[in-house]
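Chemist: just the structure for this:
(chains A and B)
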Amino acid sequence: MSMSTSAVAAASEKPPPTKAVLSEGKRAERKLGWLLCAPAVIVMLAVTAWPIIYSFWLSLQRYDLKFPDQREFIWFDNYVTVLTNEYWWTAFGVTAFITVISVAIELVLGMVLALIMHRTIVGRGLVRTSALIPYGIVTVVAAFSWRYAWTPKTGYLANTFAGDTAPLTDRAYAIFTIILAEVWKTTPFMALLLMAGLALVPEDLLKAASMDGASGWQRFVKVILPMMKPAILVALLFRTLDAFRIFDNIFVLTAGAQETSSVSMLTYNNLIKGLNLGIGATMSVLIFLAVAIIAFAFIKLFGTAAPGSDDGGKR
Amino acid sequence: MADTTNKKFGWGLVNALVVVYALFPVLWIVSLSLKGPETLSDGNFIPREFNTDNYQLILDPDNFGLFLRPLINSIGIALISTAIAVVLGTMAAYAIARLSFPGKGLLVGISLLIAMFPQVSLVSPLFEIERSIGLFDTWPGLILPYITFALPLAIYTLSAFFREIPWELEKAAKMDGATPTQAFAKVIAPLAAPGVFTTAILVFIFCWNDFLFAISLTSTEASRTVPAALSFFTGASQFEDPTGSVCAAAVIITIPIVLFVLFFQRRIVAGLTAGAVKG
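Modeler: Here you go, the predicted model:
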């Protein structure tokens, strides 16, 4: 009883706000800002930051789920094991090769596709709609389509191009097929990012260049490309990091046979098939570091590229 | 006149090439799914006779665990993840686009980092963490990582859309006595609906597509989604070639993607490019 009366008393005694109205509003805005962002930040950190730290902790242990009683703290022995293992370096080489080649092809094809989608005078909707199909389709589905297309007898591509051989059992052929599947699937995404950059190139400038007698190619190289530099860098960064994590296509096309494993594939095999948590976690940490280094290198590149592109790129 | 006709013809040809490029792997898998066991390996791009046995097999309630259960998992997990990611993303994107508060740059930075994060780095620790807290092989066990990796996409796309909204209306609402929260709910939310809808499509496609988490963090049909289930397919009997049923299942999970693309092409393009330019 007394509590409720004192509460009422306290409420009535509450002093009127003495702070200025403006700062009150500012404080409310801050509070609302934090409140609105908090759930997203908490989820993102809980599911990434904590596990990566935990992964580092696991990577310092001998921890094989098949022999759980041999769990032991062994410092950096797992890193020595992985980094002196030829499978790791083969997988690393394959991943790097696939990343570089497929991103390079995608950049060229993506630019062509972006120009087509941007410039076409007929059927723009149709082109854009069909280009979105590879972007949207489930990677595993597309990978199965390629796998069966290259399966001897069943597949139209194998029958046309490979005769009686089984292309997916040959290493070079298999890697080529993986790159093909990767390029098919992600070129439209690259093209969309580049198209966003193309839209920023002012039409007047192109007309002026054309009046001055610049050929189509000159306009592209001297006007369009420099202005698109930021968009190209963003597209390259995202696609490079994405290609480096390649997993789905390899899993379906070759399951890593004939030394076509990527680093993601190798980690998966050690973890889920081998149940070796210590080694799996070590590879997780190493891939994380590799991606961080690539991202850092790109951002360094951004930093030096941005001022150069600013004079034209920023309007 | 002749010049423009030629130009149009040229563009038509180029467009046709793009359409063929985009569609032939899809048509190929449709074609395979309609072939019976006798014609499966005849190598024809267009089936000589149409056969729906593959669809009947995977849609048969007697084989519930083969495809129907994973399909329910896929739909449920993708829808729940999308709903949560879009709600959380909308709140954060509104704050980024509209409010000034310390730590905003940090939030943008965190989202960018997570967008670039190698998912496989999370597989080992999440496998262990989820096993120890009982989330392994459950719906929430997949929903959590999906939300996490969908959030940067949602935040970027939405904050790009939100910057285009006429904010004077919000000021007007505030002048009429609405609190910031009311202004958000009553004025801005309806204006933002198209952007939110577009983001939902992109996020759904992302969750629908995932394979790495689906195959690493599940072990039974309790939570295995279709992309993961496809690699466990067998034919009508254990020893039969599953090609036909894999293709039929693949076609079915491609249908929603094709529908999205057909009906919302403009929105999807706008969403992807908006996030790229301003994000």
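Chemist: phi, psi for residue A:72 please.
Modeler: With angles defined as degrees, to the nearest 10, residue A:72 sits at phi -160, psi 150.
Chemist: ok now do the closest residue to residue A:173 other than its chain neighbours, which residues does it touch?
Modeler: Distances taken as C-beta to C-beta, 6 or more residues apart in numbering or on different chains place residue A:167 nearest to residue A:173, at 4.2 Å, with adjacent residues excluded. In short, each C-beta sits where N, CA and C put it, glycine included. Neighbour list for residue A:167: A:150, A:158, A:161, A:173-174, A:177 [criterion: C-beta atoms under 8 Å, 6 or more residues apart in numbering or on different chains].
Chemist: the closest residue to chain A within the stretch 101-250 of chain B: how many residues sit nearby?
Modeler: In the stretch 101-250 of chain B, the residue that lies nearest chain A is residue B:101 (3.3 Å; C-beta to the nearest C-beta). Burial of residue B:101 is recorded as 19 neighbouring residues (other C-beta atoms under 10 Å in any protein chain shown).
Chemist: output stretch A:136-152 as CSV, nothing but the C-alphas.
Modeler: Backbone C-alpha positions of stretch A:136-152 (Å, rounded to 0.1, in the frame of the first residue of the first chain) are rendered in CSV as follows:
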residue,chain,number,x,y,z
GLY,A,136,18.7,-16.1,-59.1
ILE,A,137,18.9,-19.8,-59.8
VAL,A,138,20.1,-22.0,-57.0
THR,A,139,23.8,-22.7,-57.6
VAL,A,140,23.4,-26.4,-56.9
VAL,A,141,20.7,-26.7,-59.5
ALA,A,142,22.9,-25.0,-62.1
ALA,A,143,25.8,-27.2,-61.1
PHE,A,144,23.7,-30.3,-61.6
SER,A,145,22.7,-29.0,-65.1
TRP,A,146,26.4,-28.6,-66.0
ARG,A,147,27.3,-32.0,-64.5
TYR,A,148,24.7,-33.9,-66.5
ALA,A,149,25.6,-31.9,-69.6
TRP,A,150,29.2,-33.1,-69.3
THR,A,151,28.2,-36.7,-68.4
PRO,A,152,29.2,-39.1,-71.2
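Chemist: pLDDT on it, on average?
Modeler: Here stretch A:136-152 scores 91 as its mean pLDDT.
Chemist: same check on stretch A:46-61?
Modeler: Mean predicted confidence for stretch A:46-61 is 90.
Chemist: could you check whether it is close to chain B?
Modeler: Yes: Stretch A:46-61 is in contact with chain B by C-beta under 8 Å from any C-beta of the partner chain, via A:47-48, A:51-52, A:54-55, A:58.
Chemist: in that stretch, which residues are buried?
Modeler: A:47-48, A:51-52, A:54-55, A:58-61 (16 or more other C-beta atoms under 10 Å in any protein chain shown).
Chemist: got the contact list for stretch B:174-192?
Modeler: Identification of contacts with stretch B:174-192 by C-beta under 8 Å, 6+ apart yields A:28-29, A:32, B:90, B:94, B:98-99, B:158, B:161-162, B:165-166, B:169-170, B:173.
Chemist: swap that for stretch B:100-109, please
Modeler: With contact meaning C-beta under 8 Å, 6+ apart, stretch B:100-109 is reached by A:29-30, A:32-34, A:37, A:40-41, B:92, B:95-96, B:155.
Chemist: so which of those wins on neighbours?
Modeler: Neighbour-wise, the contacts of stretch B:100-109 (other C-beta under 10 Å) top out at residue B:155, 33 neighbours.
Chemist: wait, that one sits on residue B:94?
Modeler: No: contact criterion C-beta atoms under 8 Å: residue B:155 and residue B:94 do not qualify, at 10.1 Å.
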